[in-house]
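[1] This is a predicted model, with the sequence first.
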Amino acid sequence: VDVGQSTAETETPSSGPSSEDTEDEKQDPIIPSEVLNMDPRSIAMFKKALRDGKENVFNIRLMIVGPYDVGKTTLMKRLLGKDVNICERQSTEGIDIQKECCKVSLTTGEWIMQVENAEHYLRLNRLVQFLNQQVQQKSNDKEQEPKEMDAHVSSAKQDNVNAQHDISVRAKQDIHQEVMPTLSQPVESPIATLSPEASSEVESRENEQKDPVMEIIKLVNKNSDKLENSLEKYAKLGLWDFAGQYVFYSTHQIFLSDRAIYILVIDLSQPTTALTKDACFLDTAGLKPCEVLDMINTWMNSIHSCTPSPQSGIPGVILVGTHGDMIPEKSQKEFFEEIIRSLKDKPTHIHLKGYIAIDNTLQDPRLEELKRIIFEQASKQPHWGEETPVRWIPMEQAIMEMKYSGIKVVRISVLDEINKSGSVRIEGKEEMDLFLRFQHAIGLILYFSAEEGLRDTVVLDPQWTIDALKSLITAEIFISDKPGILSKWFEMRDNGKLTRDLIDAVWTKEKYPDFHDNKDYLLLLMEKLNIIARPKSYGEDGTEVKVEDYYLAPCMLREAVPKEIISPESDPDVGNTSVLCFVCTAKFLPPPVFHRLLAACLTHWPIAKQLNRNLIYCGCCVFRLDNVHRLTIYFRDYVIFTRVKGVGAINMHQSSVVCNEVKSFIHENLKRIVGTLGQSLQFDQHIQCPKTDPESLEDLIAVSDLRKSAKVFCDSHDKMLESQNLLQFWFEDRVTYAGAMSSPPTSDTDRFMCIAYLLVDVGPRVLRQLLSHHTVTPTCTLDQYLAKHKTTINSLGRLFNQSLKDIMFPANGVATNLDDYDITLLSAIFLNIVPSLNQKQLDMVKSLREERNKLYGHAKSCQIGANDFQTYWNDISSALTTLSQQCMDAAFAAKISQEIQCIQKAGIHAGSYLGILKTLFGKMETFEGVLQNVTARVQVLESNQTSSASES
């Protein structure tokens with residue numbers, strides 16, 4: 001184990017972020033992974049801050065999890081040396097966080113309980129160590145420098161040292177309490193003392209400026225004889241006690257982290273087949289009795305879902321059995337072995353780092369063994385000893401002081417003022433944003449820099465949001481004397497409906513002043529976290545969509561979904577898609593992921609109704625996509641199922657557009673939600689066999705397999721299935737797979753002709769139509785649209801060379817001709833000027849341009865091999881079909897689709913392609929002939945005008 005809690009270093013400061021880091025810096029393994037996952041500029045800024053002074057940090061985050069009522073809270077108290085009444089049983093609600101309540105010696109592994117304000121002094125200790133090293137470095141430098149340079153260098157270094165510990169952490173506005181409390185008594189905690197040289201420098205500045213940190217440094221020096229040896233290094237330890245009740249699981253997922261060590265607590269006195277004492281509502285099954293082993297698997301899967309790598313074994317899990325005094329030691333061992341056997345063939349087994357049984361007695365020597373195992377596992381974590389900038393310490397201290405004083409949220413402007421008031425400071429707003437994003441990434445605060453309405457505020461205590469939801473969930477006892485409000489509470493408990501009346505009745509100024517004063521922000525934050533959502537609905541006329549004045553909390557839904565809701569429509573006049581399934585490859589999907597997806601859907605589509613009842617249930621909801629189409633989305637185990645009803649009622653193309661929008665929305669939001677929760681889950685797309693039960697996890701056919709073959713065989717039902725029928729509507733762009741060609745090209749030249757036709761003829765037509773759709777309106781022509789962006793076009797230089805600008809802005813006021821726009825020009829406009837396309841569509845446009853340049857514009861020959869052809873054909877035809885559907889012209893999209901299908905059926909051979917080219921050249925020759933005639937006539941007119949002018 002590397003010793004040293006915070007070894008500060010100084011290096012030569014640089015003027016700003018630089019990408020020209022040394023090779024050692026680039027390969028440094030202890031830069032936080034959260035920073036390495038950021039953009040290049042943020043990484044460079046972080047490295048620059050490190051070069052100006054860095055420290056190695058050692059943190060232990062211990063998360064105690066497990067089923068309900070197994071002794072998690074009692075274990076936490078015993079680990080912290082607190083008095084425990086072993087006969088008392090009181091359950092945790094939400095999460096109980098003991099922040100930095102304990103320090104652990106890096107030399108002995110001993111746990112030492114923190115006294116009040118100890119963390120305040122530990123942070124100060126880090127700053128003082130940094131100051132001492134700077135002064136020592138300055139002293140060494142002075143001895144080595146030429147005497148004639150002494151005065152100049154000494155002055156410069158003195159300024160630098162003075163700046164490094166001139167810091168104030170007092171808020172200038174919006175905070176009505178002192179950020180740093182007055183310290184009138186010496187505190188017995190391990191504080192570094194200033195060296196004589198540094199102490200002298202502090203005294204020399206005493207009359208220049210009063211500074212809170214300076215005052216504390218003086219206090220530390222005066223009481224140094226009462227403090228422990230500052231050479232002892234410590235790790236900081238914080239404990240998180242997670243409630244076992246299922247209703248809180250949806251919020252737990254936010255705080256699970258690969259930076260933690262997990263203690264999975266189980267009651268040894270209960271067999272693994274015993275039913276837990278809590279009700280679980282996981283998916284479409286509704287209420288589900290769960291055995292102890294089920295809950296162990298649930299927690300192991302939840303922990304596994306936040307691993308940085310499936311094979312890393314990070315984060316580690318230690319099994320702790322309570323009530324060990326109630327069963328023989330042999331039975332204890334058999335209990336653990338049964339759990340280990342149940343996990344051995346699952347990917348989660350790699351996280352197990354050991355097990356231990358403890359007694360339900362006041363004194364148990366095995367607690368010390370458990371502490372040793374925890375420290376041993378923590379010291380093996382990849383972030384152990386990672387480097388962070390020293391100049392971030394004061395802001396960490398300010399945030400911690402605000403937390404201790406009870407401040408839950410703070411404006412960015414307050415943090416900026418605090419930062420400006422000291423000289424050891426974060427450099428500018430951009431680095432402040434980086435600092436806050438990093439603190440958010442490691443779970444210490446909540447900060448959403450890109451979100452309107454949230455970006456100007458920081459939640460200093462993430463537990464605050466959990467406490468807010470907990471206050472609503474547990475409010476029954478406080479509102480029992482208000483029948484009207486109590487009925488709304490029961491509606492929330494059973495149906496997830498959260499009204500403003502209930503919120504106002506619970507979050508009163510008297511009982512919850514923080515929630516009351518920050519109500520709107522808190523609700524917006526809970527919406528951002530997809531814990532709650534304001535649903536949409538159609539107005540009374542059936543057309544206008546409105547946002548309801550209440551919220552829905554998907555994690556609170558309890559009612560099981562009726563079978564007929566998820567069954568396919570039996571009416572032959574109502575078309576159904578196949579069931580598109582998003583299958584989690586880990587074979588486990590934390591229910592909170594689906595809850596958040598459902599919340600996102602609730603803000604996007606109105607809930608469908610039947611007999612004036614919203615069709616929303618535990619693990620399922622039906623949405624009204626438009627007047628014809630209905631989406632049913634439901635969740636079972638590790639699969640999310642989707643089906644659209646009403647397809648083909650208007651036309652096939654319209655239904656394809658609707659289904660593709662649904663597919664894209666769900667795909668993008670799953671990706672976002674998994675990223676927000678810090679998880680490594682991935683999803684594959686499958687189609688369910690039409691003959692199987694709608695909730696079955698069997699008979700799911702991978703879309704990738706359907707794309708490869710015209711037919712697939714379902715073993716369960718002994719039936720051959722048509723791939724095109726299964727992919728229809730969901731994958732309209734992929735239905736016409738390469739294998740469907742009834743007369744595919746047989747030569748490399750003919751294959752080239754097919755691809756060339758798509759890129760040179762069909763591609764430009766699709767992009768022209770798409771450009772017209774996004775730019776031309778009844779009040780704006782293409783010329784006017786381009787004119788508005790002419791400055792931008794001119795500034796882009798080589799992207800729009802003069803020949804391209806001549807096409808867009810013809811001389812003599814002639815209108816631009818869209819038929820002259822090729823893929824090169826069209827793609828440049830879409831990628832740089834038109835803001836309307838989403839990223840997926842932009843990627844398609846970019847791909848078309850690249851394929852055109854590679855396969856046609858810069859082709860070395862007019863030949864494409866059979867293997868390459870199938871890949872090119874699928875990619876290009878897919879992009880063209882999808883983009884044509886975005887033109888919102890059904891006739892045009894149908895024409896493009898039909899044209900591509902015609903090529904698939906017959907291909908384009910060299911002869912036919914030459915015929916097409918000949919026709920095009922013929923048209924050009926005709927046009928040139930007309931142009932020559934017009935030119936001749938103009939010349940005659942000009943000659944006549946000249947003659948007339950001469951005669952006059």
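    Yep, that arrived.
[2] for the host helix or strand of I374, packing partners?
    Element membership for I374 (DSSP states H and E) is helix 366-378. In this structure, helix 366-378 makes packing contacts with strand 59-65, helix 72-79, strand 260-267, strand 317-322, strand 352-357, judged by 3 or more Cβ pairs under 8 Å, 6 or more residues apart in numbering; DSSP states H and E. Where C-beta positions appear, they are placed from N, C-alpha and C, glycine not excepted.
[3] For it, buried residues please.
    Neighbour-count burial for helix 366-378, counted by 16 or more other Cβ atoms under 10 Å, picks out L367, L370, K371, I373, I374, F375, Q377, A378.
[4] I'd like to know how many residues surround the closest residue to the last one other than its chain neighbours.
    Spatially, and ignoring its direct neighbours in sequence, A378 is nearest to I60 (4.4 Å; Cβ to Cβ, 6 or more residues apart in numbering). Under the neighbour criterion other Cβ atoms under 10 Å, I60 is assigned a count of 24.
[5] Specify which member of the buried residues of helix 366-378 is nearest to H349.
    Looking at the buried residues of helix 366-378 and their distance to H349, the nearest is Q377, at 15.9 Å (Cβ to Cβ).
[6] what sits against that closest one?
    Residues counted as contacts of Q377 (Cβ atoms under 8 Å, 6 or more residues apart in numbering) are I261, G316, I318, K353.
[7] now those residues as TSV including distance to T273, pLDDT and neighbour count?
    TSV is the format used below for the contacts of Q377 (distance: Cβ to Cβ, whole Å; pLDDT from 0 to 100; neighbours: other Cβ atoms under 10 Å):
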residue	distance to T273	pLDDT	neighbour count
I261	28	93	23
G316	27	92	22
I318	23	94	20
K353	25	92	18
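[8] quick check, nearest of these to W730?
    If you rank the contacts of Q377 by distance to W730 using Cβ to Cβ, G316 comes first, at 41.0 Å.
[9] which residues does the closest one contact?
    Contacts here follow Cβ under 8 Å, 6+ apart; on that basis G316 touches I261, Y262, H351, K353, Q377, K380, Q381.
[10] and with 6 Å instead?
    Counting by Cβ atoms under 6 Å, 6 or more residues apart in numbering, G316 touches I261, K353, Q377.
[11] Adding distance to N867, write these out as JSON lines.
    What follows is the contacts of G316, written out as JSON lines (distance: Cβ to Cβ, whole Å):
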{"residue": "I261", "distance to N867": "50"}
{"residue": "K353", "distance to N867": "48"}
{"residue": "Q377", "distance to N867": "50"}
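[12] For the stretch 651-800 of the chain, which segments are assigned as helices?
    Residue ranges of the helices in the stretch 651-800 of the chain, as given by DSSP state H, counting those that start in this stretch, are 652-676, 703-708, 723-727, 748-757, 763-775, 782-788, 790-795.
[13] Could you pull out the buried residues of the longest one?
    For helix 652-676, a neighbour-count test (16+ other Cβ under 10 Å) marks 652-660, 662-663, 665-666, 669-670, 673-674, 676 as buried.
[14] How far off centre is it?
    In terms of Cα atoms, centre = their mean, to the nearest Å, the centre of helix 652-676 is found 17 Å from the chain centre.
[15] which secondary structure elements does it contact?
    Secondary-structure packing of helix 652-676 (3 or more Cβ pairs under 6 Å, 6 or more residues apart in numbering; DSSP states H and E): helix 591-602, helix 890-906.
[16] Then the fifth one?
    Applying 3+ Cβ pairs under 6 Å, 6+ apart, we find helix 763-775 packed against helix 823-832, helix 866-885.
[17] Show the average pLDDT along stretch 426-433.
    When the per-residue pLDDT values of stretch 426-433 are averaged, the result is 91.
[18] Find the nearest non-adjacent residue to V834, please.
    The shortest distance from V834 to any residue that is not its chain neighbour, by Cβ to Cβ, 6+ apart, is 5.3 Å, and that residue is H774.
[19] what's the pLDDT at the one you found?
    Taken from the predicted model, the pLDDT recorded for H774 is 83.
[20] Tell me the spacing between it and T792.
    Distance, H774 to T792, using Cβ to Cβ, to the nearest Å: 16 Å.
[21] for S537, same thing?
    41 Å.
[22] Looking at the two now, which is surrounded by more residues?
    When neighbours are counted by other Cβ under 10 Å, S537 comes out ahead of the other of S537 and T792, with 15 against 11.
[23] what helix or strand does that one sit in?
    Counting by DSSP H and E, the secondary-structure element that holds S537 is strand 536-538.
[24] Quick one: mean pLDDT over that strand.
    Averaged over strand 536-538, pLDDT sits at 73.
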